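Undergrad: Got a sequence here, can you build the structure:
(chains A and B)
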2 protein chains.
Amino acid sequence: MTVQHMKWWGWGVEGVAFSHEDKPSLAPFVQKIIDVDLNAAPRPPMDFADLDVPQSRLTAQLRAALTEAVGGDQVIDAALDRVVHAYGKSLRDLLRIRSGDLRRIPDVVVYPADEAEVSAVLDAVVAADAVLIPFGGGSNISGSLEAPADEHRQVVSLDLGRLNQVLAIDEDSGLARIQAGALGPDLEQQLGERGWTLGHFPDSFTYSSLGGWIATRSSGMQSDKYGDIADITRAVRVVQPGRILATRAVPVTSTGPSVREMILGSEGRLGVITEATVQVHRIPGKRVVLGYFFPDWERGVAAMRAIAASDATPSITRISDARESAFSFATRKTSKGVAKLMSSALITVLKLRGWDLERLCLSFIGYEGSAEHVARQRKLVKKIAAEHGGFCVGSGPGELYDQKKFDTPYIRDFILDRGALADVSETSAAWSQLLPLYDQTIERANKAFEQLGVKGWIMCHLSHSYHSGACLYFTFAFKQAEGDPIAQYDVVKTAVQQSFIDAGGTLSHHHAVGTEHARWLADDISQPGVQLLSVLFVGADPGRNLNPGKIIS
Amino acid sequence: MTVQHMKWWGWGVEGVAFSHEDKPSLAPFVQKIIDVDLNAAPRPPMDFADLDVPQSRLTAQLRAALTEAVGGDQVIDAALDRVVHAYGKSLRDLLRIRSGDLRRIPDVVVYPADEAEVSAVLDAVVAADAVLIPFGGGSNISGSLEAPADEHRQVVSLDLGRLNQVLAIDEDSGLARIQAGALGPDLEQQLGERGWTLGHFPDSFTYSSLGGWIATRSSGMQSDKYGDIADITRAVRVVQPGRILATRAVPVTSTGPSVREMILGSEGRLGVITEATVQVHRIPGKRVVLGYFFPDWERGVAAMRAIAASDATPSITRISDARESAFSFATRKTSKGVAKLMSSALITVLKLRGWDLERLCLSFIGYEGSAEHVARQRKLVKKIAAEHGGFCVGSGPGELYDQKKFDTPYIRDFILDRGALADVSETSAAWSQLLPLYDQTIERANKAFEQLGVKGWIMCHLSHSYHSGACLYFTFAFKQAEGDPIAQYDVVKTAVQQSFIDAGGTLSHHHAVGTEHARWLADDISQPGVQLLSVLFVGADPGRNLNPGKIIS
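TA: Predicted coordinates for the structure are as follows:
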């Protein structure tokens, strides 16, 4: 079995890429908002052969121990494997890897076949006082996958790609035991064959793994219904040095501070997650995603809050601000999906209603369950939408959204080739803080663009609703200026993250801390909270062999 | 402000007690099942004056420091205060305190007024190398409130009773900041005045506090709708030595292993919870609890599972086994509530249907929301109940259940006075494990009764349903034999708990670990899980000043 990897320099597998040729509105739109010409000749990444790959520091002794653990053909120190496992896929990662800035990449990549082999690898790593970094799909954007730049010990990347099986389904309980290395499509296919779904669909779904989701406390697009991964995960198995930590698959327990919950978000610092028992659901009888229009962001967000407070329980509650809505319309293909929405007839109607089309917000609400349940939910939401000036525009845009939902990351590579820097930052906050947080973040990002002297763009959607608040997901882009692009990225990213913290939000709703967000940790959970994490990590891993430097640097 | 306490020897305040005089069927029922005569003269607890209360070991130095912290009139070493704070309310606790077995009771009780005073007390305790035990309502049944028997240092009980205010309600977000010492009725009254409810109603509601619920990972009767306290609690403030740990009130965060979740279930070992931000809900338009009859336990449990898997979202899903149903019928008042249910006409109908009345199970399902929502939920459940042979018997028994739901603990004192030992144990397990766990537990308890040579009784209800499983709540009682009653209790309690563990359950769904369940901890979360808790506690409290001996002994 071979583990397939993403491109060393970008998102997805070789041969799959974004194209704007069938989206006639996009190039003019991008030209307008960030002054970048999509029709200009792309500036591709450098050739792999031209990369200056650091020599592996793997000792013969550790190689022998790893070979004993997993077999020689699963101990790989080829340059491509080491480079692929060096970073995740944040803009910082892409900029570094495309420019040949490789730093402290792994000395070796190992591919264990099962939990026993993971155990043997970890024990060998600890015995050699080396460093072990677990690797799932490699989609992380928080810096959780890289070794500290000054790490002088050997660095072993543990790729869990061969642990990709649904081991068992307890059909009475709606529980499945699944290996941690299973990527989204792997496990959904295996579950789907038996009529089940996990219901966890993050943007990274195609290239992220169950273990990665747990290690970073991931959320998915249907989490409003299925819960975040923290809710879905009922038990964990974790390989620690010389031992296996295993919790019981019970629905709820009052047993102490929850060890299961300590593993959630632990980013490899407490061991290697090899398996989890997760809630699975029968594939629903009916599933539909509907599009809605709201006259402005304020009323749209108020509608999402009203839905969260109502008896309705949709699977998706999503609304884009006016800028992101405009972007969606600009990515439309001729006469398809959202394109039809903005027909001249509809525009006329909206104008007659007095809508300011510059402020129009596009929303998607998803429904799952029996046909009767879905019908009732739609009715409840229709009433709430109307109370906030919104109305349903049918299933066309929702279907398109549903088909294209995993394609967004490809766009970043496409525009990066054309001189535009883009990334995302997201947070969650109480409903009462949400609009001030939004306004402040837009303002601060725009100030950051100004400071850089670039034409920039920031757009946002509300991606998940909860009883007490919601997740706001921002995407920013700007034309690269002269000089260091990473420094430019840092100015904008820092402005956005600091705004979250200053407005009462958390440093990340579902992308974890890693190294990228670590400097806001004390703001988020207070210095005594950081101390509590610190004693946990030091106590569990006194030798700092387990993915050191993450969460707390 | 004076903090009111429960009776030193039993449940509730002086002057309130259970009576069987208006329940004509109860005495014959109890006589039959455990051979105890409720009409016999009660054996009351000893007089408080006859207790041999150990001398307080409080030093003048620590007294001075505590006096500086909270004022002299809030530093109490009177015998009654010290005895009231010595134990919780488990059967073990009641047996010990009623027989004058006081062991290592607190040397002093302090009543801080606010977080700053809690901080000052804790700092004084740590400076004196004493031990601090936080005390909320005192209803704990897991041994979380007592000092280790061999504790040679001074023991300070910190009573949070004066921190009982709802500090603020964020009406946009459905979030309330509430002080940890607020008892259930305190906080529901303050919330209710403004149209809100926390929706957390454990059996101990009247005498348990928000901080206690968080410290033990409590569940309530309406948790199917409102969530367990772990779901309800969005942020915590915790006083630690020399510092305050505070997390942000955000709906969800991917920030590391969650510090908020580490505080949940920490039983005072990580500091003193002084405040939490919790989800609150508008008092629902409609609320109804309906009774249902099922022909047997197996079909009743299957119905609860089907409800959990359906689109229905009731607030309560509860079903008693045949023994507990019979007990409910035996506690009926003449011609009221459940009494009417078992009218001769109904019995005739059931017999005509071929029901075995010895196997009949009584269920309660609760509904909350708009009138339309409730109507639809009822319809969904009606169909599921029918598919499992059950039917609705109206709102009468549900109303009675709702009125009497907090009275159960009084019964234990009443029968204890009459020579019967009784307590509870509960667990949660996956649906697939539930019936085997139930059967085995009944069998093991009966073997334990046999071993003791006593007439014993064990009954059970399913109290909470989740996607993947449920909570089973067992109540056991038996006639006290000659010899040490605590040893007799241990035989039965151990048999029941060991059965939970052997059948794949957890050691407790909502009563925490304390000292009572600590010996099953490694079975529940594995030895490496215990180690992880251990490094957390040792790291956070190297001097073992914070409620030592709990969770891990």
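
Undergrad: and the stretch 51-200 of chain A, which residues reach chain B?
TA: Contacts of the stretch 51-200 of chain A with chain B, taken as CB under 8 Å from any CB of the partner chain, map to A:170, A:172-175. (C-beta placed from N, C-alpha, C; glycine too.)

Undergrad: Out of those residues, which sit inside strands?
TA: Among these, DSSP state E puts A:170, A:175 in strands.

Undergrad: Include neighbour count, distance to B:Tyr466 and pLDDT when you put the residues of the stretch 51-200 of chain A next to chain B into TSV, please.
TA: Conversion of these to TSV gives the following (neighbours: other CB atoms under 10 Å in any protein chain shown; distance: CB to CB, whole Å; pLDDT from 0 to 100):
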residue	neighbour count	distance to B:Tyr466	pLDDT
A:Asp170	18	14	98
A:Asp172	17	13	97
A:Ser173	26	10	98
A:Gly174	24	10	98
A:Leu175	24	11	98
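
Undergrad: Just give me the closest of the residues of the stretch 51-200 of chain A next to chain B to A:Val236.
TA: Closest approach to A:Val236 among those (CB to CB): A:Leu175, at 13.0 Å.

Undergrad: So what sits opposite that closest one in the bridge?
TA: Judged by DSSP bridges, the bridge partners of A:Leu175 are A:Asp170, A:Gln279.

Undergrad: Could you chop chain A up by domain?
TA: As recorded under automatic domain parsing, the domains making up chain A are A:45-159, A:166-282, A:286-405, A:517-553.

Undergrad: Could you tell me which residues make contact with A:Asp203?
TA: By CB atoms under 8 Å, 6 or more residues apart in numbering or on different chains, the residues touching A:Asp203 are A:221, A:405-406, A:408-409.

Undergrad: now these: which count as buried?
TA: Those of the contacts of A:Asp203 that meet the buried threshold are A:221, A:405-406, A:409, by 16 or more other CB atoms under 10 Å in any protein chain shown.

Undergrad: Tell me which stretches of the stretch 351-500 of chain A form strands.
TA: Remark: strands assigned in the stretch 351-500 of chain A by DSSP state E, counting those that start in this stretch are A:361-369, A:391-394, A:420-430, A:456-465, A:469-479.

Undergrad: Tabulate the ones you listed in CSV, adding columns for mean neighbour count and distance to chain B.
TA: Shown next, in CSV, are these (neighbours: other CB atoms under 10 Å in any protein chain shown; distance: least, CB to the nearest CB, whole Å):
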stretch, mean neighbour count, distance to chain B
strand A:361-369, 25, 5
strand A:391-394, 16, 20
strand A:420-430, 26, 4
strand A:456-465, 24, 7
strand A:469-479, 26, 4
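
Undergrad: Save those strands as JSON lines, and put in mean pLDDT too.
TA: Below are these laid out as JSON lines (pLDDT from 0 to 100):
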{"stretch": "strand A:361-369", "mean pLDDT": "96"}
{"stretch": "strand A:391-394", "mean pLDDT": "92"}
{"stretch": "strand A:420-430", "mean pLDDT": "97"}
{"stretch": "strand A:456-465", "mean pLDDT": "98"}
{"stretch": "strand A:469-479", "mean pLDDT": "98"}
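
Undergrad: wait, which of the ones you listed is closest to A:Ile501?
TA: Closest of those to A:Ile501 is strand A:420-430, at 8.5 Å (criterion: CB to CB).

Undergrad: Please save the CA atoms from the closest one in CSV.
TA: The C-alpha coordinates for strand A:420-430 follow below in CSV (Å, rounded to 0.1, in the frame of the first residue of the first chain):
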residue,chain,number,x,y,z
ALA,A,420,-1.5,37.5,-4.8
LEU,A,421,-1.1,36.4,-1.2
ALA,A,422,-4.1,34.9,0.5
ASP,A,423,-5.0,33.0,3.7
VAL,A,424,-7.7,32.5,6.3
SER,A,425,-8.3,33.2,10.0
GLU,A,426,-11.3,32.3,11.9
THR,A,427,-12.6,32.7,15.5
SER,A,428,-15.7,32.2,17.5
ALA,A,429,-17.3,34.7,19.9
ALA,A,430,-20.6,35.2,21.7
